[in-house]
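Enquirer: Give me the fold of what follows.
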Amino acid sequence: MGPVTDAHKIEYSRNVQLAVQQKKSRFEQGFTYHGDWKGREMIFEELIGPTSAIIDGNRGGDTPNIDANIEPVGVVPRQIEWGKLIEKEDAIKALTDYQSPFVQNGAAAIVRGRDQIFANAIFANRLIGQDGATSQAWDSTNKVVAQTVGSADGNTDTGMNLRKVQRGKRLLRAQYVDLDMEDLWGVLNAQEMEELYNDLLTINTDTAKMAFVDHDLRLVHNVAGVNFVQFEGKADYDSTHYASAMWCKSGMHYGDFSPLHTSAEPNPAKKYRLHPYIENWFGASRSEDAKVIKLINKK
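Expert: This next block holds a predicted model:
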């Protein structure tokens, strides 16, 4: 095995960068990207609350001066890292071969880590206040589609179905969300995805007929204007129910706090064998509770 040079390390970095770009994130298209995040914490948005106009004000009265509530929303970076010791393989080939597991496995792990952060952010506490020091839980009031929606009697627990998608959209409208101006997304696990697919097969409506589905894989990519992704890492509602989500893209945000970092240096603790390492500081957060809906489904 020849010596590993700086050129080999640079090529490894380029290979990893390219592989990460080519791996398909499940959530990236459904979140709003920010390219300017940095530091330990970032205030990325200031929400301006609604105000009301005065109707039939007093004749000769004062000119209105109506204040709006302003709520700063912040995010903190999360560390994603991966490493793998090169033991017997040709170190140069391991670094420079694009198909090498030290490139492909590392890149896939980083993308999976990002997807987990995406999924967790949907219902996680968000940081608010001028310094982002206040942690606020997602407000579930009038934002939950019950597990009984779509059942024959309206009282029996059921799995994922089109009625729940439609109810979720109704709840968003009730929160004064203008759906004509929003890009809607949802996440389901494998069982929920199959249940929604099967439900669409039994419904003879224009909505079901216009759904974008993959019949070979039994996947629903879009129905009723909602784009769906499949992900197994989301948290359950309880021991007998799944918790899925629908959200507006404008209400979910993400960004890199620093560029993807790679290194390939000898590890003194492992007989100086080469130890490739990948690190990414990444963040995702919800900006508005009103733009996220929880769907509860029977297991």
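Enquirer: State the mean pLDDT of the lengthiest helix in the chain.
Expert: Longest helix in the chain by number of residues, with DSSP state H as the criterion: helix 101-123. In this model, helix 101-123 has an average pLDDT of 97.
Enquirer: cool, and stretch 18-35?
Expert: 95.
Enquirer: burial of Pro276, as a residue count?
Expert: When counting by other C-beta atoms under 10 Å, one arrives at 24 neighbours for Pro276. Just so you know, the C-beta spots here come from the backbone N, C-alpha and C atoms, and that holds for glycine as well.
Enquirer: ugh, wrong one, I meant Lys270
Expert: By other C-beta under 10 Å, neighbour count at Lys270 equals 12.
Enquirer: In space, what's closest to it - neighbours in sequence excluded?
Expert: Leu85 (5.5 Å; C-beta to C-beta, 6 or more residues apart in numbering).
Enquirer: Wait, that neighbour touches Tyr272, no?
Expert: No: look at Leu85 against Tyr272 with C-beta atoms under 8 Å: they stay out of range, at 10.8 Å.
Enquirer: who's more crowded, those two?
Expert: Applying other C-beta under 10 Å to Leu85 and Tyr272 shows that Leu85 carries more neighbours, namely 14 against 10.
Enquirer: Just the pLDDT for Gly154.
Expert: 92.
Enquirer: Wait, it touches Gln147, no?
Expert: No: at 11.3 Å, Gly154 does not count as touching Gln147 under the criterion of C-beta under 8 Å.
Enquirer: mind listing what the helix or strand containing Tyr242 pairs with, with the direction of each?
Expert: In this structure, Tyr242 sits in strand 241-248 according to DSSP states H and E. Paired strands of strand 241-248, with direction, are strand 184-188 (antiparallel), strand 236-238 (antiparallel), strand 292-298 (antiparallel) (DSSP bridges).
Enquirer: can you list the ones you listed in JSON lines and add distance to Thr158 and mean neighbour count?
Expert: Shown next, in JSON lines, are those (distance: least, C-beta to C-beta, whole Å; neighbours: other C-beta atoms under 10 Å):
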{"stretch": "strand 184-188", "distance to Thr158": "14", "mean neighbour count": "24"}
{"stretch": "strand 236-238", "distance to Thr158": "14", "mean neighbour count": "13"}
{"stretch": "strand 292-298", "distance to Thr158": "6", "mean neighbour count": "23"}
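Enquirer: so what's the residue nearest the centre of the chain closest to, chain neighbours aside?
Expert: By C-alpha atoms, centre = their mean, the mean C-alpha position of the chain lies nearest to Phe118, the distance being 3.0 Å. Distance criterion C-beta to C-beta, 6+ apart; nearest residue to Phe118, sequence neighbours excluded, is Phe27 at 3.6 Å.
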